[in-house]
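Student: using only what follows, build the 3D model:
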Amino acid sequence: MAKYNSIAVIYGSDSSEWEVSCRSGEFTASRIDEASYDVYEIFARFGKWSLVAYRKKNAMRVIFPDVARPEIDKSDFSVRIYGEKVNFDYALIMQHGAPGETGQLQGYLEMLKVPFSTCSSFVSAVAFDKYACKRYMDGVDFVKMAPDALVRKGDDIEAFAGKVRTELAFPVFVKPTAGGSSFGLSKVDDPAKLPEAINFAFSEGRTVLVEQGVRGRELTCASYFDGTAVRSLPVIEIISENDYFDYDAKYNGHSNEVCPAEIPAETAALVQATTEKIYAFLGCSGVVRADYIWAEDGLYFLELNLIPGMTSASLVPKMVRTAGMKMADFLSVIIENS
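Tutor: Okay, the predicted model is just below:
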């Protein structure tokens, strides 16, 4: 018997990733076991939360017109549908970026004592910020990290760029510390173009990470807790048709995502074990995806995706299919054990 009855799938966000978040949320809601849960889809952006659609167990999905969407009562995380009040038992968070990946939404749910699908508010706040996550992991002996530097909006960019040119080898990657889907990301080969790339990254946030590029093969792996232990899904190798895995490569089909990755078995086992160690070290919950570069001198950690994309073409669903699992079964594992 399912632990929860009414599942709220929260999507949309306050970030540039809000449209991707909607696709992830709609796909996820459509794959939740219809025999076990009532599913409610909530669109949340800039403080306005409304019910997009709902589906009762073994029933058809009911969609509300934009102008007639019931508003979510945030005082107790509930909604009224045709006069009937529904209190949500569980939140499946599909918000990419703020507030769903930053810990803000988790903090709200924690205060209301509503269980949810992701890492805690503290872990989310630490791990979502790329610079903070790397600093939190400084000193671990199970994965390498490329040299980097941090700049804040208002700092002397020219002076910072001069320091980077001295201390880091080019090319470098310039990215907002709090962001995803490659928004604001640039690869810089020419040191003279570094200030321009930094200013571009500032369009997505107030802190920017400049990271020394590592030559190698890009791999990614997801881990989750199944109620007994932390498990890993098959490893994917990402082969971009572009210079790197940018937004165009991710969402416009300009990449080849090989699953399972055509790498030695011991390398795949290393990537999976490393992802499980990161999951345990940070205290993660739900499903998270870690990105790596497999270089000649070892495995380099790039970043952690706390709420990985969940569209039909996204990486984690591909891993799930390759593992021989149905998405409905996989999502039930996440819901029942997070």
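
Student: which element is T102 on?
Tutor: Under the assignment given by DSSP states H and E, T102 is not contained in any helix or strand.

Student: quick one, what contacts it?
Tutor: T102 makes contact with S124, A125, F128, A178 under the criterion C-beta atoms under 8 Å, 6 or more residues apart in numbering. Glycine gets a C-beta too; all of them are placed from N, C-alpha and C.

Student: my read is that L299 contacts A146, right?
Tutor: No. With contact defined as C-beta atoms under 8 Å, L299 does not count as touching A146 (11.6 Å).

Student: state the mean pLDDT of the helix ranked longest in the chain.
Tutor: Determined from DSSP state H, the single longest helix within the chain is helix 265-282. The average pLDDT for helix 265-282 rounds to 98.

Student: and if you look at stretch 324-333?
Tutor: On average, the pLDDT along stretch 324-333 is 97.

Student: kindly export that stretch (C-alpha atoms) in PDB.
Tutor: The C-alpha trace of stretch 324-333 is given here as PDB (Å, rounded to 0.1, in the frame of the first residue of the first chain):
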ATOM      1  CA  GLY A 324      15.200  -2.100 -17.400                       C
ATOM      2  CA  MET A 325      12.900  -0.100 -15.100                       C
ATOM      3  CA  LYS A 326       9.600   1.500 -15.800                       C
ATOM      4  CA  MET A 327       9.400   5.200 -15.000                       C
ATOM      5  CA  ALA A 328       6.300   4.600 -12.900                       C
ATOM      6  CA  ASP A 329       8.100   2.100 -10.800                       C
ATOM      7  CA  PHE A 330      11.200   4.300 -10.500                       C
ATOM      8  CA  LEU A 331       9.100   7.300  -9.400                       C
ATOM      9  CA  SER A 332       7.300   5.200  -6.800                       C
ATOM     10  CA  VAL A 333      10.700   4.200  -5.300                       C
END
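
Student: so which residues of the stretch 51-200 of the chain form strands?
Tutor: Under the criterion DSSP state E, counting those that start in this stretch, the stretch 51-200 of the chain contains strands at 61-63, 78-81, 84-87, 90-93, 148-152, 172-176, 186-188.

Student: now the fourth one: average pLDDT?
Tutor: This points to strand 90-93. So the average pLDDT for strand 90-93 ends up being 98.

Student: now the first one
Tutor: Averaged across strand 61-63, pLDDT comes to 97.

Student: what packs against it?
Tutor: With contacts defined as 3 or more C-beta pairs under 8 Å, 6 or more residues apart in numbering; DSSP states H and E, strand 61-63 has these neighbours: strand 48-55.

Student: now the strand it packs on: buried residues?
Tutor: Applying a neighbour-count criterion of 16 or more other C-beta atoms under 10 Å, one finds W49, S50, L51, V52, A53, Y54, R55 buried in strand 48-55.

Student: dig out what the second one forms beta bridges with.
Tutor: To tie it back to what came earlier, the one meant is S50. Applying DSSP bridges to S50 gives these bridge partners: F43, E71.

Student: quick one: low-confidence parts of the stretch 51-200 of the chain?
Tutor: Residues of the stretch 51-200 of the chain meeting the criterion pLDDT under 70: 180-182.

Student: going along the chain, name the helices of it.
Tutor: Applying DSSP state H, counting those that start in this stretch to the stretch 51-200 of the chain gives helices spanning 104-112, 121-128, 130-136, 157-167, 194-201.

Student: can you give me the angle the first one makes with helix 121-128?
Tutor: Regarding helix 104-112 and helix 121-128, their directions subtend 170 degrees when assessed with axes from the mean of the first three to the mean of the last three C-alpha atoms, to 10 degrees.

Student: so how far is helix 104-112 off the chain centroid?
Tutor: 18 Å (C-alpha atoms, centre = their mean, to the nearest Å).

Student: again, but for the third one
Tutor: Remark: helix 130-136 is offset 15 Å from the chain centroid, using C-alpha atoms, centre = their mean.

Student: quick one: buried residues of that helix?
Tutor: Residues of helix 130-136 classed as buried by neighbour count (16+ other C-beta under 10 Å): K130, Y131, A132, C133, K134.

Student: specify which member of those is nearest to V235.
Tutor: Nearest to V235 among the buried residues of helix 130-136, counting by C-beta to C-beta, is C133 at 20.3 Å.

Student: now that closest one. Nearest residue, chain neighbours left out?
Tutor: Excluding the flanking residues, the one nearest C133 by C-beta to C-beta, 6 or more residues apart in numbering is A127, at 4.7 Å.

Student: how far away is that neighbour from V174?
Tutor: Using C-beta to C-beta, to the nearest Å, we find A127 at a distance of 20 Å from V174.

Student: just R80 next, same as before
Tutor: R80 is 47 Å from V174, by C-beta to C-beta.

Student: more neighbours: the two, which one.
Tutor: Counted by other C-beta atoms under 10 Å, R80 and V174 do not tie: V174 has more neighbours, with 26 against 13.
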